[in-house]
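Q: Return a 3D structure for these sequence lines:
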Amino acid sequence: MEKKNISISKKARYFQLGKISEQTKTIWFVFHGYGMLSQYFIKKFKNLENNQTVIISPEALSRFYIGKNYDRVGASWMTKEDKLDDIDDNIAYLNSLFESSTKNIDLNSIKIHVLGFSQGGATACRWILNSNIKINSLALWGADIPIDCLSENNKVKWNQFKTTLIVGKKDEFISEENKAKFAKLLNSYRLKYDLIEYDGTHKIIEEVLIDYIQRI
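A: Down below sits the predicted model:
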C-alpha cells in the first residue's frame with residue numbers, strides 16, 4: 001500500500017468582532033481550544049471590541065460531532081495522524097486570513113496581539129514562528145509550547161514579541177508535575193516570558209483577561 005496526497009481547495013470560516021478601518025489601532029487573533037467553535041469562543045472577547053479594536057477568531061479546519069447524542073459540534077486544529085500536513089495547512093490558512101484581513105491598512109500603525117487557548121496555543125505558536133507576520137504579543141492560555149517551536153533558529157523570533165503564559169491553579173488538564181517540567185524546559189531554552197496564575201480552572205475568565213491586557 002502506498003500513501004498519496006493531493007492538494008484541494010477548502011473553505012475555512014472565521015468570526016470577527018468589529019470592522020477594520022482607518023480607525024483601527026489593535027487587532028487580536030484568538031485561537032479556540034479542542035472541541036470548540038470560534039463563533040462561541042469569540043464571545044469571550046466581546047468586551048475588547050471598540051471602534052479601534054478588532055477581534056478575529058479563526059476556526060480549526062476539522063469539525064466533528066461531540067457528546068453522547070451527537071447534538072454538538074466541535075473543531076480540532078490537528079491530531080497525531082498526518083500531523084505535519086495539518087500544521088502546513090493551518091499555517092497556509094492563517095497566512096491567507098491575515099493577508100486578506102489586513103490588505104487595506106498600514107500595519108506599521110497597528111498592534112497585533114495573538115492569544116491561543118489550550119490546543120489553539122500550539123497552532124498560534126507554529127503560525128507565528130513559521131511566517132513573516134510581526135506581532136506585539138503572544139498569550140498562551142492553558143497551553144504549552146510545542147517542542148518544535150523551541151529550536152535554536154527560533155530564538156531570534158521569540159525575542160521580537162512579548163510572551164505571556166496564563167494558567168489556572170485548578171486547571172484540570174495541567175498537573176503540577178507537568179507545570180514543573182514545562183517551566184524547566186522553558187528555562188533551559190532561556191525563553192523570556194511573563195507568568196499569570198489565577199485561581200480557576202481550564203477556561204477564559206474575563207477578569208484575568210483584563211488583567212493581562214493591562215500588562216501588555
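Q: From what I see, residue 185 and residue 165 are in contact.
A: No: assessed by C-beta atoms under 8 Å, residue 185 is found out of contact with residue 165, at 12.0 Å. (C-beta placed from N, C-alpha, C; glycine too.)
Q: Neighbour count: those two, which is higher?
A: When neighbours are counted by other C-beta atoms under 10 Å, residue 185 and residue 165 differ, and residue 165 comes out ahead with 23 against 14.
Q: Looking at strand pairing, list the partners for the more buried one.
A: Listed beta-bridge partners, residue 165: residue 140, residue 195 (assigned using DSSP bridges).
Q: check contacts around it.
A: Shown in contact with residue 165 (C-beta atoms under 8 Å, 6 or more residues apart in numbering): 139-140, 193-196.
Q: how close does it sit to residue 145?
A: The span separating residue 165 from residue 145 equals 9 Å under the rule C-beta to C-beta, to the nearest Å.
Q: And residue 159, by the same measure?
A: Using C-beta to C-beta, residue 159 is found at 15 Å from residue 145.
Q: How about residue 162?
A: Counting by C-beta to C-beta, the gap from residue 162 to residue 145 is 14 Å.
Q: What's the per-residue pLDDT of residue 54 here?
A: pLDDT recorded at residue 54 is 97.
Q: Who has more neighbours out of residue 159 and residue 145?
A: Counted by other C-beta under 10 Å, residue 159 and residue 145 do not tie: residue 145 has more neighbours, with 26 against 11.
Q: Dihedrals phi and psi, the closest residue to the more buried one other than its chain neighbours?
A: In this structure, residue 145 finds its nearest non-sequential neighbour in residue 125, 5.6 Å apart by C-beta to C-beta, 6 or more residues apart in numbering. Here is the backbone geometry of residue 125 (degrees, to the nearest 10): phi -60, psi -50.
Q: any idea which element residue 173 lies in?
A: Using DSSP states H and E, residue 173 sits in no helix or strand.
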